[in-house]
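S.K.: Show me the folded form of this:
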Amino acid sequence: MDPLPLQFGFGLVSVGLLFLMLVVITLWQSFVIVDAYEKKTLTVFGEYRKLLEPGINLIPPFVSRTYAFDMRTQTLDVPRQEAITRDNSPVMELDDTLNKRQEINAKIRRELDEPTDEWGIRVESVEVREVNPSKDVQQAMEQQTSAERRRRAMILEAQGERRSAVEQAEGDKQSNIIRAQGEKQSQ
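M.R.: Predicted coordinates:
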């Protein structure tokens with residue numbers, strides 16, 4: 001048996017296996033799977049090409065890289081902050097703050113969303129959770145509430161006395177009419 005054809009056969013098989021491995025690796029490098037909750041950027045030779053959407057994507061093999069971005073909503077808690085209003089109170093005008101909380105949330109969201117758009121971050125919602133006025137403002141609010149209750153009580157009492165006086169006058173009037181009619185009939 002001649003060793004040359006055997007060596008030639010092994011060489012051909014080796015080249016075939018090498019070619020098959022190259023094809024498999026090329027195919028493996030040509031496809032990228034992007035999860036449903038993320039997007040990936042595609043760069044070829046370090047240059048941005050496009051944004052890959054969720055699913056299977058075909059990319060140039062060996063010369064490209066992808067970078068994943070998580071698209072899920074992330075919640076960030078912002079530490080407590082004190083706000084000073086136009087009237088130099090350490091909280092926003094309290095009635096407006098409590099009544100217009102949704103408007104305040106929307107305005108803060110718009111103000112935050114504009115500068116963060118440049119970074120690819122979208123602010124979906126902002127929530128003002130608590131409004132805690134200073135002790136002085138709380139005492140003033142309690143005094144105001146107490147004064148309002150006293151005012152309502154005085155009004156209700158005055159209305160009750162007025163109704164009582166009107167009813168008494170009506171009763172006296174009816175009594176006088178009946179008495180006068182009785183005297184008239186007796187004569």
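S.K.: Which helix or strand lies directly C-terminal to the helix or strand of the chain at the bottom of the mean pLDDT ranking?
M.R.: For the chain, using mean pLDDT, DSSP states H and E, the weakest element among its helices and strands is helix 94-99, scoring a mean of 67. As assigned by DSSP states H and E, the chain's next helix or strand after helix 94-99 is helix 101-117.
S.K.: For that following helix, buried residues please.
M.R.: residue 104 (16 or more other C-beta atoms under 10 Å). Heads up, the C-betas are built off the backbone N, CA and C, glycines and all.
S.K.: following it, which helix or strand shows up next?
M.R.: The helix or strand immediately downstream of helix 101-117 is helix 135-186, counting by DSSP H and E.
S.K.: Could you pull up the mean pLDDT of that next one?
M.R.: Taken as a whole, helix 135-186 has an average pLDDT of 88.
S.K.: and it, how far from the chain's centre?
M.R.: Computed by C-alpha atoms, centre = their mean, to the nearest Å, the chain-centroid distance of helix 135-186 equals 51 Å.
S.K.: Stretch 42-60 too?
M.R.: The chain centre lies 32 Å from the centre of stretch 42-60; the measure is C-alpha atoms, centre = their mean.
S.K.: Buried ones in it, by neighbour count?
M.R.: Result for stretch 42-60 [16+ other C-beta under 10 Å]: buried residues 42, 43, 52, 57, 59.
S.K.: How about the first one: which residues does it bridge to?
M.R.: Residues found in beta-bridge contact with residue 42 (criterion: DSSP bridges) are residue 50, residue 66.
S.K.: Reformat the buried residues of stretch 42-60 as CSV; add distance to residue 166 and pLDDT.
M.R.: What follows is those, written out as CSV (distance: C-beta to C-beta, whole Å; pLDDT from 0 to 100):
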residue, distance to residue 166, pLDDT
42, 87, 94
43, 89, 95
52, 83, 94
57, 86, 94
59, 91, 94
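S.K.: Burial check on residue 92, number of neighbours?
M.R.: 19 (other C-beta atoms under 10 Å).
S.K.: Over to residue 38?
M.R.: Per other C-beta under 10 Å, the neighbour tally for residue 38 reads 14.
S.K.: quick one: it from residue 66, how far?
M.R.: 10 Å (C-beta to C-beta, to the nearest Å).
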